[in-house]
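J.: Need the 3D shape of this:
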Amino acid sequence: MKTIFNEILHHQNHGLDCMWLSIVGDRGSAPRTSGAHMLVDAEGRVCGTIGGGAVEFRCEQMAREQLSEKRSLLHEFKLNTADTDALNMICGGNVTVLFRYVPADDRDWQNLTSLVMTGLDSRRHCWLVDDLSDIDLPPVLAETEGALTGSLPEALLPQLQGELPLNISLEGRQFYAEPLPRGERVIIFGGGHISRELTPLLAHLDFRVTVFDSRPEYTDPALLPGAEKTVLGDYDHIGDKLTILPDDYIVIMTNGHANDYDAQRFVMQYDHAYLGVIGSRAKTALLNKRFLAEGFTKEQLEKVYTPIGTAIKAQTPAEIAVSIAGELILVRAERRQTLSSSCPV
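T.: I've put the predicted structure just below:
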(Lines give C-alpha, C1' and ligand atoms only; values in the text may rest on other atoms or scores of the structure.)
Protein backbone atom coordinates (compact mmCIF):
# COMPACT_ATOMS: atom_id res chain seq x y z
CA MET A 1 0.00 0.00 0.00
CA LYS A 2 2.78 2.44 0.87
CA THR A 3 4.48 1.83 -2.48
CA ILE A 4 1.20 2.52 -4.27
CA PHE A 5 0.64 5.81 -2.45
CA ASN A 6 4.26 6.87 -2.82
CA GLU A 7 3.77 6.53 -6.57
CA ILE A 8 0.40 8.33 -6.46
CA LEU A 9 2.10 11.19 -4.62
CA HIS A 10 4.91 11.22 -7.19
CA HIS A 11 2.38 11.43 -10.02
CA GLN A 12 0.46 14.20 -8.27
CA ASN A 13 3.65 16.19 -7.72
CA HIS A 14 4.46 15.90 -11.42
CA GLY A 15 0.95 16.64 -12.67
CA LEU A 16 0.36 13.12 -14.00
CA ASP A 17 -3.00 11.36 -13.78
CA CYS A 18 -3.01 7.65 -13.01
CA MET A 19 -5.29 4.68 -12.35
CA TRP A 20 -5.27 2.81 -9.04
CA LEU A 21 -6.60 -0.74 -9.41
CA SER A 22 -7.72 -2.94 -6.50
CA ILE A 23 -9.30 -6.36 -6.28
CA VAL A 24 -12.41 -5.69 -4.18
CA GLY A 25 -14.08 -9.08 -4.51
CA ASP A 26 -13.10 -12.66 -5.30
CA ARG A 27 -14.90 -15.98 -5.57
CA GLY A 28 -13.48 -19.42 -6.10
CA SER A 29 -9.87 -20.04 -7.07
CA ALA A 30 -8.31 -16.74 -8.15
CA PRO A 31 -4.63 -15.82 -8.59
CA ARG A 32 -4.96 -12.91 -6.12
CA THR A 33 -7.59 -12.02 -3.55
CA SER A 34 -9.13 -8.82 -2.22
CA GLY A 35 -6.50 -6.30 -1.20
CA ALA A 36 -4.20 -6.75 -4.20
CA HIS A 37 -3.29 -3.44 -5.85
CA MET A 38 -1.70 -2.11 -9.02
CA LEU A 39 -0.98 1.38 -10.33
CA VAL A 40 -1.11 2.21 -14.04
CA ASP A 41 -0.35 5.43 -15.89
CA ALA A 42 -0.27 6.43 -19.54
CA GLU A 43 2.91 4.40 -20.06
CA GLY A 44 1.53 1.20 -18.49
CA ARG A 45 1.93 -0.58 -15.17
CA VAL A 46 3.90 1.43 -12.61
CA CYS A 47 3.94 -0.89 -9.59
CA GLY A 48 2.00 -3.58 -7.78
CA THR A 49 0.26 -6.66 -9.15
CA ILE A 50 -3.24 -8.09 -9.15
CA GLY A 51 -2.26 -11.57 -10.20
CA GLY A 52 -0.30 -11.49 -13.43
CA GLY A 53 -1.25 -13.35 -16.57
CA ALA A 54 -4.28 -12.56 -18.71
CA VAL A 55 -6.19 -10.70 -15.99
CA GLU A 56 -3.37 -8.29 -15.28
CA PHE A 57 -2.65 -7.75 -18.98
CA ARG A 58 -6.31 -6.99 -19.69
CA CYS A 59 -6.55 -4.76 -16.61
CA GLU A 60 -3.58 -2.73 -17.77
CA GLN A 61 -5.24 -2.26 -21.17
CA MET A 62 -8.55 -1.26 -19.58
CA ALA A 63 -6.84 1.06 -17.10
CA ARG A 64 -5.15 2.99 -19.90
CA GLU A 65 -8.50 3.22 -21.71
CA GLN A 66 -10.20 4.52 -18.56
CA LEU A 67 -7.35 6.93 -17.98
CA SER A 68 -7.84 8.46 -21.40
CA GLU A 69 -11.55 8.80 -20.63
CA LYS A 70 -10.87 10.11 -17.09
CA ARG A 71 -13.35 7.67 -15.58
CA SER A 72 -13.45 5.05 -12.84
CA LEU A 73 -14.82 1.55 -13.43
CA LEU A 74 -15.95 -1.54 -11.51
CA HIS A 75 -15.54 -4.73 -13.53
CA GLU A 76 -15.85 -8.47 -12.83
CA PHE A 77 -13.51 -10.90 -14.57
CA LYS A 78 -14.60 -14.52 -14.99
CA LEU A 79 -11.66 -16.91 -14.84
CA ASN A 80 -13.44 -19.88 -16.30
CA THR A 81 -12.90 -21.17 -19.83
CA ALA A 82 -16.51 -22.33 -19.97
CA ASP A 83 -17.65 -18.72 -19.98
CA THR A 84 -17.80 -16.73 -23.20
CA ASP A 85 -16.60 -13.74 -21.16
CA ALA A 86 -13.65 -15.65 -19.75
CA LEU A 87 -9.98 -14.80 -20.18
CA ASN A 88 -8.90 -18.35 -21.03
CA MET A 89 -7.68 -18.92 -17.49
CA ILE A 90 -8.48 -22.18 -15.72
CA CYS A 91 -8.49 -20.87 -12.13
CA GLY A 92 -12.25 -21.31 -12.00
CA GLY A 93 -13.00 -18.23 -9.90
CA ASN A 94 -14.04 -14.62 -10.43
CA VAL A 95 -12.41 -11.38 -9.37
CA THR A 96 -13.94 -7.91 -9.22
CA VAL A 97 -11.55 -5.06 -9.90
CA LEU A 98 -12.12 -1.42 -9.00
CA PHE A 99 -10.39 0.96 -11.42
CA ARG A 100 -10.03 4.32 -9.64
CA TYR A 101 -9.21 7.35 -11.79
CA VAL A 102 -6.77 9.54 -9.81
CA PRO A 103 -6.55 13.05 -11.30
CA ALA A 104 -3.31 14.74 -10.31
CA ASP A 105 -4.86 18.17 -9.69
CA ASP A 106 -7.89 16.99 -7.68
CA ARG A 107 -7.85 18.49 -4.17
CA ASP A 108 -9.83 15.63 -2.61
CA TRP A 109 -7.39 13.05 -3.95
CA GLN A 110 -4.44 15.15 -2.81
CA ASN A 111 -5.91 15.37 0.69
CA LEU A 112 -6.54 11.62 0.74
CA THR A 113 -2.95 10.90 -0.30
CA SER A 114 -1.65 13.11 2.49
CA LEU A 115 -3.92 11.46 5.07
CA VAL A 116 -2.99 7.94 3.96
CA MET A 117 0.75 8.68 4.07
CA THR A 118 0.33 10.09 7.58
CA GLY A 119 -1.73 7.07 8.62
CA LEU A 120 0.86 4.65 7.26
CA ASP A 121 3.70 6.44 9.06
CA SER A 122 1.82 6.69 12.36
CA ARG A 123 0.57 3.08 12.08
CA ARG A 124 -2.82 4.00 13.48
CA HIS A 125 -5.65 1.56 12.83
CA CYS A 126 -7.21 3.25 9.79
CA TRP A 127 -9.41 1.94 6.99
CA LEU A 128 -9.87 3.01 3.39
CA VAL A 129 -13.57 2.77 2.56
CA ASP A 130 -14.97 2.84 -0.98
CA ASP A 131 -18.64 3.39 -1.67
CA LEU A 132 -19.06 1.05 -4.63
CA SER A 133 -22.33 2.75 -5.55
CA ASP A 134 -20.42 5.96 -6.32
CA ILE A 135 -16.98 4.96 -7.55
CA ASP A 136 -16.17 8.38 -9.02
CA LEU A 137 -15.54 9.64 -5.48
CA PRO A 138 -12.20 8.90 -3.80
CA PRO A 139 -12.33 6.49 -0.86
CA VAL A 140 -12.69 7.83 2.66
CA LEU A 141 -10.06 7.27 5.33
CA ALA A 142 -11.65 6.25 8.64
CA GLU A 143 -10.07 5.62 12.03
CA THR A 144 -11.65 2.89 14.13
CA GLU A 145 -11.55 5.17 17.16
CA GLY A 146 -12.46 8.33 15.29
CA ALA A 147 -15.40 9.69 13.36
CA LEU A 148 -16.38 8.97 9.78
CA THR A 149 -16.13 11.77 7.28
CA GLY A 150 -17.86 12.38 4.00
CA SER A 151 -21.15 10.69 3.18
CA LEU A 152 -20.50 7.33 4.84
CA PRO A 153 -23.13 6.14 7.33
CA GLU A 154 -22.09 6.16 10.98
CA ALA A 155 -23.31 2.57 11.34
CA LEU A 156 -20.37 1.52 9.18
CA LEU A 157 -17.73 2.39 11.78
CA PRO A 158 -18.38 -0.47 14.27
CA GLN A 159 -18.00 -2.99 11.45
CA LEU A 160 -14.44 -1.95 10.63
CA GLN A 161 -12.70 -4.70 12.55
CA GLY A 162 -10.04 -7.28 11.86
CA GLU A 163 -7.03 -7.23 9.58
CA LEU A 164 -8.49 -8.30 6.22
CA PRO A 165 -10.55 -6.43 3.60
CA LEU A 166 -14.31 -6.41 4.09
CA ASN A 167 -17.33 -6.17 1.80
CA ILE A 168 -20.19 -4.59 3.74
CA SER A 169 -23.82 -4.13 2.72
CA LEU A 170 -25.49 -1.31 4.61
CA GLU A 171 -28.52 0.88 4.03
CA GLY A 172 -28.92 -0.39 0.48
CA ARG A 173 -25.30 0.42 -0.42
CA GLN A 174 -22.23 -1.74 -0.92
CA PHE A 175 -18.92 -0.75 0.65
CA TYR A 176 -15.42 -2.09 0.25
CA ALA A 177 -13.20 -1.46 3.28
CA GLU A 178 -9.52 -2.26 3.62
CA PRO A 179 -7.29 -1.64 6.65
CA LEU A 180 -4.08 0.30 6.16
CA PRO A 181 -1.16 -2.04 6.87
CA ARG A 182 0.27 -1.21 10.27
CA GLY A 183 2.95 -3.86 10.16
CA GLU A 184 3.22 -6.35 12.98
CA ARG A 185 6.22 -5.77 15.26
CA VAL A 186 9.01 -8.34 15.30
CA ILE A 187 11.48 -8.13 18.17
CA ILE A 188 14.75 -9.87 17.33
CA PHE A 189 16.98 -10.71 20.27
CA GLY A 190 20.49 -10.81 18.83
CA GLY A 191 21.94 -8.57 16.13
CA GLY A 192 24.35 -11.03 14.54
CA HIS A 193 24.77 -12.37 11.02
CA ILE A 194 21.29 -13.87 10.66
CA SER A 195 19.64 -10.77 12.09
CA ARG A 196 21.43 -8.62 9.53
CA GLU A 197 19.94 -10.74 6.77
CA LEU A 198 16.53 -11.09 8.40
CA THR A 199 15.91 -7.44 9.34
CA PRO A 200 15.76 -5.94 5.81
CA LEU A 201 13.81 -8.97 4.57
CA LEU A 202 11.13 -8.56 7.25
CA ALA A 203 10.96 -4.81 6.65
CA HIS A 204 10.32 -5.52 2.96
CA LEU A 205 7.50 -7.85 4.06
CA ASP A 206 5.83 -5.03 6.03
CA PHE A 207 6.92 -6.14 9.49
CA ARG A 208 8.26 -3.51 11.90
CA VAL A 209 11.57 -4.71 13.28
CA THR A 210 13.20 -3.96 16.64
CA VAL A 211 16.62 -5.48 17.31
CA PHE A 212 17.86 -5.96 20.90
CA ASP A 213 21.45 -6.81 21.81
CA SER A 214 23.83 -6.32 24.72
CA ARG A 215 26.75 -5.40 22.44
CA PRO A 216 26.90 -1.80 21.14
CA GLU A 217 28.43 -2.82 17.82
CA TYR A 218 25.50 -5.16 17.17
CA THR A 219 22.87 -2.46 17.57
CA ASP A 220 24.39 -0.14 14.98
CA PRO A 221 21.46 0.89 12.71
CA ALA A 222 23.83 1.03 9.75
CA LEU A 223 24.31 -2.74 10.02
CA LEU A 224 20.57 -3.43 10.32
CA PRO A 225 18.89 -1.72 7.34
CA GLY A 226 15.14 -1.63 7.70
CA ALA A 227 15.13 -1.77 11.50
CA GLU A 228 12.58 0.60 13.00
CA LYS A 229 14.49 0.60 16.27
CA THR A 230 17.63 -0.87 17.82
CA VAL A 231 17.93 -1.34 21.58
CA LEU A 232 21.10 -1.74 23.62
CA GLY A 233 20.45 -3.49 26.91
CA ASP A 234 21.23 -6.39 29.25
CA TYR A 235 19.50 -9.72 28.75
CA ASP A 236 18.85 -10.05 32.46
CA HIS A 237 17.11 -6.65 32.51
CA ILE A 238 15.16 -6.68 29.23
CA GLY A 239 12.10 -5.18 30.91
CA ASP A 240 14.01 -1.97 31.53
CA LYS A 241 14.08 -1.36 27.78
CA LEU A 242 11.20 -3.30 26.19
CA THR A 243 7.56 -4.16 26.78
CA ILE A 244 6.16 -7.29 25.13
CA LEU A 245 2.69 -6.78 23.64
CA PRO A 246 0.12 -9.46 22.66
CA ASP A 247 0.57 -8.72 18.94
CA ASP A 248 4.38 -8.98 19.00
CA TYR A 249 6.38 -11.60 17.11
CA ILE A 250 9.56 -12.61 18.93
CA VAL A 251 12.68 -14.12 17.35
CA ILE A 252 15.46 -15.23 19.71
CA MET A 253 18.94 -15.84 18.29
CA THR A 254 21.49 -14.28 20.62
CA ASN A 255 25.20 -14.99 20.89
CA GLY A 256 24.86 -17.65 23.60
CA HIS A 257 22.57 -20.19 25.29
CA ALA A 258 22.49 -18.17 28.50
CA ASN A 259 21.22 -15.09 26.69
CA ASP A 260 18.71 -17.18 24.73
CA TYR A 261 17.45 -18.55 28.03
CA ASP A 262 17.12 -15.10 29.62
CA ALA A 263 15.27 -13.72 26.57
CA GLN A 264 12.90 -16.70 26.30
CA ARG A 265 12.19 -16.69 30.03
CA PHE A 266 11.32 -12.98 29.87
CA VAL A 267 9.07 -13.31 26.81
CA MET A 268 7.13 -16.32 28.11
CA GLN A 269 5.84 -14.25 31.01
CA TYR A 270 3.72 -12.21 28.57
CA ASP A 271 1.14 -12.81 25.86
CA HIS A 272 2.61 -12.69 22.36
CA ALA A 273 1.67 -13.65 18.81
CA TYR A 274 4.73 -15.77 18.03
CA LEU A 275 7.89 -16.93 19.78
CA GLY A 276 10.65 -18.63 17.80
CA VAL A 277 14.01 -19.70 19.20
CA ILE A 278 17.02 -20.78 17.17
CA GLY A 279 18.92 -23.87 18.22
CA SER A 280 19.13 -27.64 18.09
CA ARG A 281 16.61 -30.09 19.51
CA ALA A 282 19.16 -31.05 22.16
CA LYS A 283 19.45 -27.44 23.30
CA THR A 284 15.66 -27.09 23.29
CA ALA A 285 15.23 -30.20 25.45
CA LEU A 286 17.80 -28.91 27.93
CA LEU A 287 16.20 -25.49 28.24
CA ASN A 288 12.68 -26.91 28.42
CA LYS A 289 13.69 -29.09 31.35
CA ARG A 290 14.92 -25.99 33.14
CA PHE A 291 11.78 -24.02 32.31
CA LEU A 292 9.51 -26.80 33.60
CA ALA A 293 11.45 -26.86 36.84
CA GLU A 294 10.84 -23.13 37.21
CA GLY A 295 7.09 -23.46 36.87
CA PHE A 296 6.44 -22.86 33.18
CA THR A 297 3.90 -25.26 31.72
CA LYS A 298 4.23 -27.86 28.99
CA GLU A 299 1.52 -25.99 27.05
CA GLN A 300 3.60 -22.79 27.10
CA LEU A 301 6.66 -24.60 25.80
CA GLU A 302 4.72 -26.39 23.07
CA LYS A 303 3.77 -23.00 21.61
CA VAL A 304 7.43 -22.09 21.03
CA TYR A 305 8.62 -22.52 17.44
CA THR A 306 11.94 -24.32 17.82
CA PRO A 307 14.00 -25.15 15.89
CA ILE A 308 12.91 -21.89 14.30
CA GLY A 309 11.92 -21.49 10.65
CA THR A 310 10.35 -23.57 7.91
CA ALA A 311 12.15 -26.81 7.04
CA ILE A 312 14.05 -25.89 3.87
CA LYS A 313 17.44 -27.32 4.94
CA ALA A 314 18.77 -23.77 5.36
CA GLN A 315 22.50 -23.45 6.02
CA THR A 316 23.73 -19.91 5.40
CA PRO A 317 22.58 -16.85 7.37
CA ALA A 318 20.63 -15.67 4.32
CA GLU A 319 18.91 -19.05 3.90
CA ILE A 320 18.06 -19.23 7.60
CA ALA A 321 16.61 -15.72 7.37
CA VAL A 322 14.39 -16.84 4.50
CA SER A 323 13.19 -19.86 6.49
CA ILE A 324 12.33 -17.66 9.50
CA ALA A 325 10.57 -15.11 7.31
CA GLY A 326 8.52 -17.87 5.71
CA GLU A 327 7.35 -19.09 9.10
CA LEU A 328 6.43 -15.56 10.17
CA ILE A 329 4.46 -14.99 6.96
CA LEU A 330 2.44 -18.15 7.60
CA VAL A 331 1.76 -17.35 11.26
CA ARG A 332 0.78 -13.77 10.39
CA ALA A 333 -1.61 -14.91 7.64
CA GLU A 334 -3.26 -17.52 9.87
CA ARG A 335 -3.57 -15.07 12.75
CA ARG A 336 -5.08 -12.36 10.55
CA GLN A 337 -7.58 -14.88 9.19
CA THR A 338 -8.57 -15.96 12.69
CA LEU A 339 -8.91 -12.40 13.96
CA SER A 340 -10.99 -11.34 10.96
CA SER A 341 -13.28 -14.38 11.03
CA SER A 342 -14.11 -13.62 14.66
CA CYS A 343 -15.31 -10.08 13.81
CA PRO A 344 -19.01 -9.51 12.99
CA VAL A 345 -19.78 -8.07 9.54
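
J.: Low-confidence stretches in the stretch 201-345 of the chain?
T.: For the stretch 201-345 of the chain, the stretches flagged by pLDDT under 70 are 339-345.

J.: And the helices in it?
T.: 257-267, 281-293, 298-302, 317-341 (DSSP state H, counting those that start in this stretch).

J.: Include mean neighbour count and distance to residue 43 when you put those into CSV, please.
T.: The way it works is simple: take the backbone N, C-alpha and C, and place the C-beta from them, glycine included. Shown next, in CSV, are the helices of the stretch 201-345 of the chain (neighbours: other Cβ atoms under 10 Å; distance: least, Cβ to Cβ, whole Å):
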stretch, mean neighbour count, distance to residue 43
helix 257-267, 19, 49
helix 281-293, 13, 54
helix 298-302, 11, 54
helix 317-341, 16, 32
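
J.: between these, which gets nearest to residue 57?
T.: Set against residue 57 and scored by Cβ to Cβ, the helices of the stretch 201-345 of the chain come closest in helix 317-341, at 27.2 Å.

J.: tilt between the helix or strand where residue 188 lies and helix 317-341?
T.: Under the criterion of DSSP states H and E, residue 188 resides in strand 185-189. Computed by axes from the mean of the first three to the mean of the last three Cα atoms, to 10 degrees, the angle separating strand 185-189 from helix 317-341 equals 140 degrees.

J.: Tell me the strands beside strand 185-189, with direction?
T.: strand 208-213 (parallel), strand 249-252 (parallel) (DSSP bridges).

J.: And the shortest one, how far out from the chain middle?
T.: Its chain's C-alpha centre and that of strand 249-252 lie 17 Å apart, by Cα atoms, centre = their mean, to the nearest Å.

J.: ok, so what distance separates residue 306 from residue 278?
T.: 7 Å (Cβ to Cβ, to the nearest Å).

J.: wait, I meant residue 198
T.: 11 Å.

J.: The two - which one has more neighbours?
T.: residue 198 (30 against 21; other Cβ atoms under 10 Å).

J.: That one contacts residue 321, doesn't it?
T.: Yes: if you go by Cβ atoms under 8 Å, residue 198 and residue 321 touch, sitting 3.9 Å apart.

J.: so what's in contact with those two at the same time?
T.: Common contacts of residue 198 and residue 321, defined by Cβ atoms under 8 Å, 6 or more residues apart in numbering, are absent altogether.

J.: got a list of what residue 279 touches?
T.: Contacts of residue 279 (Cβ under 8 Å, 6+ apart): 257, 260, 287, 306-308.

J.: Touching, residue 79 and residue 55? I think so.
T.: Yes: contact criterion Cβ under 8 Å: residue 79 and residue 55 qualify, at 7.0 Å.

J.: Distance check, the closest residue to residue 244 other than its chain neighbours against residue 285.
T.: Computed as Cβ to Cβ, 6 or more residues apart in numbering, the closest residue to residue 244 that is not its neighbour in sequence is residue 270, at 4.0 Å. Distance from residue 270 to residue 285, counting by Cβ to Cβ: 24 Å.

J.: now swap in residue 208 and tell me
T.: Residue 208 sits 33 Å away from residue 285 when distances are taken as Cβ to Cβ.
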